[in-house]
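Asks: With the sequence up front, the predicted model follows.
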Amino acid sequence: MSQLLLGAHMSVAGGFDKAVLAGASIGCSTIQIFTKSNRQWSAKKLSDSEIDIYKKTLNKTAINPIIAHTAYLINIGSPNKDIEKKSIASLAEEIERCNQLSIPYLVLHPGSYINGNKHDCLERIIENLNTVIQKKDTTLILLELMAGQGSTVCSTFEELEYIYKRIDNKKQVGICFDTCHAWAAGYDFSTTHTYESMWRHFDEIIGLKNLKVIHVNDSKNTRGSHLDRHETIGKGTIGLEAFKMIMNDMNLFDIPKILETPKNSLEDDIYNMNVLKNLLTATTLNILEQKK
Ligand SMILES: [Zn+2]
Ligand SMILES: [Zn+2]
């Protein structure tokens, strides 16, 4: 890698190419998108021209990689058979769209058990992932670390690993670490000591090589609150020191970092990207300069 991989979630209103252009206009080197409306189960098939315009537009920019996020409706761990069935079909459709758009990563909220129990939920997630993931897929499913709000599963490294170790095609699954979710789940990474021990723990349980994307979000609520409320970087409860360590950590340097912070316009993304860039130390800036 020759550059800082930093960007934000971009709207695809008006076409995928519009998301790419918006990201490029504010200096993103990576962006995240939804490949269909995040409030709908299904979408009309992608047309060849839609794919073509998107790929041509992307090739003219320095953005790489594009990351997709699945629709929030999807819950492949649902105890409700109808929701589970719709979720499996919807996830399969999203994987296919990522394959068509050559998107390497698709971030998935593993699931929630609603009125069921956690164990059965995890078992359904494993079974359904093994059904949906095909060897021919070129996109990787990234299981996202969650805040543990309500009945949401996978707010611990151990639960993510519980699923991961039972995936048949392990090469097609990775992990997305969300700083807001991790903090709300109770993980501390705000001091040098806690930061290092958390990542050591992550490496022991999951393996750092399986970490593919980081969502950089501050948290509105306190550590351990289990509330999933993203906040502008520096305005939440995590503290800038934690973001400084992430931004300058050479172990994480080549991992795309995506903002999912509150946003009214691109100005808000610019603000957050600037806050993060201003945390880069002289040593990191030197390394970036040499890599050019
Ligand atoms: Zn997410
Ligand atoms: Zn996230």
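Replies: Arrived safely, thanks for sending. Note that the structure is a prediction, hence the values are computed from the model and not measured. Ligands and ions are numbered 1, 2, ... in the order given.

Asks: For the longest helix along the chain, what does the pLDDT average out to?
Replies: Determined from DSSP state H, the single longest helix within the chain is helix 81-100. Averaged over helix 81-100, pLDDT sits at 98.

Asks: For it, give me every contacting residue.
Replies: Contacting residues not belonging to helix 81-100 are listed as 35-36, 41-43, 46, 51, 68, 70-71, 73-78, 103-106, 108, 124, 128, 131-134, 136-139, 141 [C-beta atoms under 8 Å, 6 or more residues apart in numbering]. C-betas here are computed from N, CA, C, even on glycine.

Asks: where's the helix or strand just after that helix relative to the chain centroid, distance-wise?
Replies: For helix 81-100, the following helix or strand on the C-terminal side (DSSP states H and E) is strand 105-108. In terms of C-alpha atoms, centre = their mean, to the nearest Å, the centre of strand 105-108 is found 6 Å from the chain centre.

Asks: Stretch 48-61 now?
Replies: So, by C-alpha atoms, centre = their mean, the centroid of stretch 48-61 is 23 Å from its chain's centroid.

Asks: do the same with stretch 259-267
Replies: Centre-to-centre, stretch 259-267 and its host chain are 16 Å apart (C-alpha atoms, centre = their mean).

Asks: again with stretch 63-76
Replies: 7 Å.

Asks: Could I get the CA-only coordinates of it as PDB?
Replies: Provided in PDB are the C-alpha atoms of stretch 63-76 (Å, rounded to 0.1, in the frame of the first residue of the first chain):
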ATOM      1  CA  ILE A  63     -10.200   4.900  -4.500                       C
ATOM      2  CA  ASN A  64      -9.400   1.300  -3.600                       C
ATOM      3  CA  PRO A  65     -11.000  -0.700  -2.100                       C
ATOM      4  CA  ILE A  66     -14.700  -0.200  -2.200                       C
ATOM      5  CA  ILE A  67     -16.500  -1.800   0.800                       C
ATOM      6  CA  ALA A  68     -20.200  -2.800   0.800                       C
ATOM      7  CA  HIS A  69     -22.400  -2.900   3.900                       C
ATOM      8  CA  THR A  70     -25.400  -5.200   3.900                       C
ATOM      9  CA  ALA A  71     -29.000  -3.900   4.500                       C
ATOM     10  CA  TYR A  72     -29.900  -3.500   8.100                       C
ATOM     11  CA  LEU A  73     -33.000  -5.700   7.600                       C
ATOM     12  CA  ILE A  74     -30.900  -8.800   7.200                       C
ATOM     13  CA  ASN A  75     -30.900 -11.100  10.200                       C
ATOM     14  CA  ILE A  76     -29.700 -14.600   9.300                       C
END
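
Asks: do it and ligand 2 meet at all?
Replies: No - residues of stretch 63-76 contacting ligand 2 under C-beta under 5 Å from the ion: none, with a closest distance of 7.5 Å.

Asks: Just give the number of residues close to Ile214.
Replies: By the criterion of other C-beta atoms under 10 Å, Ile214 has 21 neighbours.

Asks: part of a helix, is it?
Replies: No - with DSSP: H, G, I helix; E, B strand; the rest coil as the criterion, Ile214 is strand rather than part of a helix.

Asks: Does it have any beta-bridge partners, and if so which?
Replies: Taking DSSP bridges as the rule, Ile214 bridges to Phe177, Lys257.

Asks: how far away is it from ligand 2?
Replies: Here Ile214 is placed at a distance of 9 Å from ligand 2 (C-beta to the ion, to the nearest Å).
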